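> After the sequence you'll find the predicted model.
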Amino acid sequence: MADVGRIAGVSAMTVSRALKGKSYIAKDTLERILAAVDQLGYVLDQSAGSLSSRRSGFIAAIVPSIDNSNFADTARGITDTLAQTSMQLLLGYTNYSVEREEELIESMLRRRPEGIILTGGKHTSKARVLLANAGIPVIETWDVPENPVDAVVGFSNTDAMEALVDSLVAQGYSRFGFITGSEASDTRGHQRHIGFDRALSRHGLTSNRVVAIEAVPIRMSHGGEAIRALLERYPDTDVAICVSDLPAFGAIMECKRMGLVVPRDIAIAGFGDYEIASISEPGITTVNVDSYGIGAQAAGQMIAMLENRGTAATITTSYHMLHRGST
């Protein structure tokens, strides 16, 4: 700042005030400072200021995976909404491990974020203590936990899966299979399984046709393995619901390799409305959960809480069925 000040003919303090956006800096003075900044390639070091003001200028967000387009859309929703402010996003991913989430929470809190946005409501005991004692807004997304840490922006995965099953029963399907991943790690997948069981029980249908792929995260290729195993064990299955659209796409591809026509020989449904669901042939019947909107609403709630315009609340996000050619 001293170097910038010498070129601009002002003090280092004036440079600091100008770069922090103080409105009372004269226009011509500001122009000279900005010209000097460009000449020197200077970047303001905000770390010292954050220590005194307790404002770090960033929000931390933790997602299960960065190669999952739904969570990428959620991160984009957060980033786009934060763009209305001066805050930035610090992103971490857990690979579906609550132990890794705990490590990330502890590491991020050392960097003093102004708030934390999490995915899901399952955390280690230590993580919950860290969050409760942090003194900053915490928002859990993609879920409606029974015992939230603070605020919530999400939906019931159980109810959404029930709605999907109900819609398929209404189409005339009765012999349901379910393809899932490692539910010990993927709590949302576990909740969807509960919804699957609950809906079929209401309709008086069996829910024992289940294939679990012990992989985290479950991918397209796993769907192929799973649909083959499902049909070997339960050849009369007339519809298979996958825990997400990724294994659903893999299942459709494997059916083609097996000489089966979807949905004539077996119908396939997914969850999440990934981009691949709309470009698959046939298109995949699925549940749209507005992944981008979850991120945007979470960031909006975070901004409101930081500006004292809102308190901890539960915002229930929307979902809807998309029936395509696979059923």
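Right, received. Where do you want to start?

> mind listing the strands for this structure?
Secondary structure of the chain (DSSP state E): strands located at 58-63, 88-93, 116-119, 138-141, 151-154, 176-180, 210-212, 239-242, 267-269, 286-288, 314-316, 320-322.

> List the neighbouring strands of the second one plus their orientation.
Taking DSSP bridges as the criterion, strand 88-93 forms sheet pairs with strand 58-63 (parallel).

> same thing with the third one?
Counting by DSSP bridges, the strands paired with strand 116-119 are strand 58-63 (parallel), strand 138-141 (parallel).

> ok, now the fifth one?
Paired neighbours of strand 151-154 in the sheet (DSSP bridges): strand 138-141 (parallel), strand 314-316 (parallel).

> Buried deepest among those strands, which one?
Across these, averaging neighbours per residue (mean count of other C-beta atoms under 10 Å) puts strand 138-141 on top, at a mean of 26. From N, CA and C alone the C-beta is placed, and that goes for glycine too.

> show me where pLDDT drops low in the stretch 201-327 of the chain?
Across the stretch 201-327 of the chain, the stretches falling below the confidence threshold (pLDDT under 70) are 310.

> Would you map the helices across it?
In the stretch 201-327 of the chain, the segments counted as helices under DSSP state H, counting those that start in this stretch are 220-233, 245-257, 275-279, 291-306.

> would TSV of the strands paired with strand 116-119 with mean pLDDT and distance to Lys256 be doable?
Shown next, in TSV, are the strands paired with strand 116-119 (pLDDT from 0 to 100; distance: least, C-beta to C-beta, whole Å):
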stretch	mean pLDDT	distance to Lys256
strand 58-63	97	32
strand 138-141	98	36
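
> Those strands into a markdown table, with extra columns for distance to Val262?
Below are the strands paired with strand 116-119 laid out as a markdown table (distance: least, C-beta to C-beta, whole Å):
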| stretch | distance to Val262 |
| --- | --- |
| strand 58-63 | 31 |
| strand 138-141 | 32 |
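
> and of those, who's closest to Ile213?
strand 58-63 (20.9 Å; C-beta to C-beta).

> what distance separates the closest one from the middle of the whole chain?
Distance of strand 58-63 from its chain centroid, counting by C-alpha atoms, centre = their mean, to the nearest Å, is 11 Å.

> between it and helix 291-306, how big is the angle?
Put simply, strand 58-63 runs at 140 degrees to helix 291-306, going by axes from the mean of the first three to the mean of the last three C-alpha atoms, to 10 degrees.

> what residues does strand 58-63 touch?
Strand 58-63 is contacted from outside by 71, 74-75, 78, 82, 87-94, 101, 104-105, 108, 111, 113-119, 299, 302, using C-beta atoms under 8 Å, 6 or more residues apart in numbering.

> switch the cut-off to 6 Å
Contact with strand 58-63 is made by 71, 78, 87-93, 101, 104, 108, 113, 115-119, as judged by C-beta atoms under 6 Å, 6 or more residues apart in numbering.
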